[in-house]
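> One predicted model, sequence on top.
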Amino acid sequence: MKKGQKNILYLILGQVISVFGGAILRFALSLFVLDQTGRADIFATVLAISSIPVLFAPIGGAIADRFDRRMLMVLMDIANAVLAVFLFFVLGMNQSIFMIGALLFLLSIVGSFDTPVVTASIPLLVEESKLEKVNGLVNGVLSMSNVVAPIIGGILYSILGAQVLVACSALFFLLAAVIESFLQIPFEKRALEKGLLTTLTSDLIEGFQEVRKNSVILKSILIAALVNFVLASFFIVGTPVILRVMLQANDSMYGFGMSLVSLATILGAVFAGFFTKKLRLNNLYLTFTLSGLLLFAMNLGLTFAGTPSGNVLGFVLFVITGIPIGMLMSVISIYLISMVQRVTPKENLGKVMATIVACAQCAVPLGQIMIGMIFKQTTSNVFLPLTFIACSVLLLSFLCYYLFRKTVETDIYGRKEMI
């Protein structure tokens, strides 16, 4: 196996094990909090607090551009393992919910640093022509880990309990750290001219300036955030409403439908390298146009709901249209990330990737609020809400066309060569 292939293998394997451990840890803690308190408000508060650290991602990006990324990955997984050990002991204490929230907050901070480090490392390990393929593979495999972990976690939780699961997650983090220690990521040490804090602050400002002055990066971040704001939020909030409320899906059909949506986004990521061969920034809008038309088709199919046979037909049409939309959503995200990686100078990769991750992730809760308000009055008909969302996607298509209509290959590769 070639050196580059080994590096990618170590990166993917280390990240899969680390993400799997993190997913099992979050699953065990969420069930523990619910079992101990029986209160959804406390559970939601704990989850909300653990989501705040995504705002720290740009700081993680600045650190990624200054220090050895291999060592950072190893240290972050060791830190996760140490925090998991603390959680193991905390679970046995009385009044441990506050401590669980605090430790989850710290785990989320480490996680917010991890994403920009990994995404900034990929362009240094593969050729530019393979960025979509590797980015898609990494994201797809990691997403699969997040899907599989709760299934396995649910089985083990009932057998072993929360404490044992937390201990297992610590072992996963340590194993990931060992695997990542074999990585060989190019690194050029840069002096901290003005001290650590001042230098990192200066680097953060430099990263934001890079985003502001580079039109390709700025537009890509905007589109990526809007994809999450509209489409990702629709799948998170709208899909359960459509399946459970409108189509009256039983537990089996509901689980099957939700699983297919998750599988679609994973397949889109894994095969992103194939789907993006003919994709360019100036024709990216076509993916949104197709998504919008598929949403209209889904909407028409759902008009048959209301009778047993109509619900089955609506469910089938929902699956037929929802799977390609989920795949397109992943393809768009992977393609935009790869474009940003191409045009960003190596010394700013971490900061810029952290910015796109933070903006995209922060757009999700805002979108969920919007989708929730749109579906608020939904009891038996989603025609108007879904029409609004489909029109929003078509407007996003027009915006994408307007922003990138004059973008050509030299804006990407030529700019990189000048840098």
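Happy to help now that I have it. Every value quoted in this text rests on a predicted model; they were computed, and no experiment measured them.

> Surely Glu132 and Ala269 touch.
No - here Glu132 does not reach Ala269: they are 10.0 Å apart, not a contact under Cβ atoms under 8 Å. No exception for glycine: its C-beta is placed from N, CA and C like everyone else's.

> show me what contacts Ser291?
The neighbours of Ser291, taking Cβ atoms under 8 Å, 6 or more residues apart in numbering as the test, are 231, 325, 328-329, 393, 397.

> which of the residues in the helix or strand containing Gln368 are buried?
Using DSSP states H and E, the element containing Gln368 is helix 349-374. Neighbour counts over helix 349-374 (16 or more other Cβ atoms under 10 Å) mark 349-365, 367-368, 370-371, 374 as buried.

> In three-state terms, label Lys376 for me.
coil (DSSP: H, G, I helix; E, B strand; the rest coil).

> And the pLDDT for it?
Here the pLDDT value assigned to Lys376 is 73.

> and Met298, how far is that from Gly322?
Distance of Met298 to Gly322, computed by Cβ to Cβ, to the nearest Å: 7 Å.

> Over to Leu204?
Taking Cβ to Cβ, one finds Leu204 at 39 Å from Gly322.

> Give me the nearest residue to Leu107, chain neighbours excluded.
Spatial nearest neighbour of Leu107, excluding adjacent residues (Cβ to Cβ, 6 or more residues apart in numbering): Leu83 at 5.3 Å.

> I misspoke; the intended subject was Ala272.
Distances taken as Cβ to Cβ, 6+ apart place Gly136 nearest to Ala272, at 3.0 Å, with adjacent residues excluded.

> And the one you found, which helix or strand is it part of?
For Gly136, the element it lies in under DSSP H and E is helix 131-160.

> buried sites along stretch 257-277?
The neighbour-count check on stretch 257-277 (16+ other Cβ under 10 Å) flags 257-258, 261-273, 275-276 as buried.

> follow-up on the earlier one: look at the residue nearest to Ala272 and say how many residues are nearby.
A count of nearby residues for Gly136, using other Cβ atoms under 10 Å, gives 28.

> Tyr401 now?
Neighbours of Tyr401 (other Cβ under 10 Å): 16.

> can you give me the helices for the stretch 301-419 of the chain?
308-343, 349-374, 383-404, 409, 415-418 (DSSP state H, counting those that start in this stretch).

> Let me have these in CSV, extended by distance to Lys189.
As requested, the helices of the stretch 301-419 of the chain are exported to CSV (distance: least, Cβ to Cβ, whole Å):
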stretch, distance to Lys189
helix 308-343, 22
helix 349-374, 15
helix 383-404, 37
helix 409, 34
helix 415-418, 23
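
> Out of the ones you listed, which gets nearest to Leu29?
Closest to Leu29 of these is helix 349-374 (Cβ to Cβ; 19.9 Å).

> what helices or strands is that closest one leaning on?
helix 57-66, helix 97-125, helix 196-213, helix 215-227, helix 233, helix 308-343, helix 383-404 (3 or more Cβ pairs under 8 Å, 6 or more residues apart in numbering; DSSP states H and E).

> So for Ala28, which of those sits nearest?
Nearest of the helices and strands packed on helix 349-374 to Ala28, taken as Cβ to Cβ: helix 97-125 at 10.4 Å.

> which of the helices and strands packed on helix 349-374 sits most buried?
helix 57-66 (a mean of 25; mean count of other Cβ atoms under 10 Å).

> How far does the helix or strand just after that helix sit from its chain's centre?
As assigned by DSSP H and E, the chain's next helix or strand after helix 57-66 is helix 69-90. Computed by Cα atoms, centre = their mean, to the nearest Å, the separation of helix 69-90 from the middle of its chain amounts to 21 Å.

> Give the buried residues for helix 69-90.
So, applying 16+ other Cβ under 10 Å, buried residues of helix 69-90: 69-70, 72-81, 83-84, 86-88, 90.

> about what we covered before: pretty sure the residue nearest to Leu107 sits against Leu103.
Yes - the pair Leu83 / Leu103 is scored as a contact, 5.6 Å apart, by Cβ under 8 Å.

> on that earlier part again, tell me the angle of the helix holding Gly136 relative to helix 308-343?
120 degrees (axes from the mean of the first three to the mean of the last three Cα atoms, to 10 degrees).

> for helix 131-160, what is the average pLDDT?
79.

> What helices and strands are in contact with that helix?
Contact here means 3+ Cβ pairs under 8 Å, 6+ apart; on that basis helix 131-160 packs against helix 3-37, helix 97-125, helix 162-180, helix 251-270, helix 272-275, helix 308-343.

> If we use 6 Å, what do you get?
helix 3-37, helix 251-270, helix 272-275, helix 308-343 (3 or more Cβ pairs under 6 Å, 6 or more residues apart in numbering; DSSP states H and E).

> got CSV for those, with distance to Asp65 and mean pLDDT too?
Below are the helices and strands packed on helix 131-160 laid out as CSV (distance: least, Cβ to Cβ, whole Å; pLDDT from 0 to 100):
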stretch, distance to Asp65, mean pLDDT
helix 3-37, 18, 81
helix 251-270, 25, 82
helix 272-275, 25, 87
helix 308-343, 13, 90
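
> Can you add distance to Tyr402 and give these back as CSV?
As requested, the helices and strands packed on helix 131-160 are exported to CSV (distance: least, Cβ to Cβ, whole Å):
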stretch, distance to Tyr402
helix 3-37, 36
helix 251-270, 25
helix 272-275, 23
helix 308-343, 16
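
> Now do the spatially most central residue of the chain against Ile332, distance only.
Geometric centre of the chain, nearest residue: Gln361, 7.1 Å, by Cα atoms, centre = their mean. Distance, Gln361 to Ile332, using Cβ to Cβ: 16 Å.

> per-residue confidence at the closest residue to Thr119 other than its chain neighbours?
Excluding its sequence neighbours, the residue lying closest to Thr119 (Cβ to Cβ, 6+ apart) is Met353, at 4.3 Å. With respect to pLDDT, Met353 has a value of 83.

> Please consider this matter closed, and thank you.
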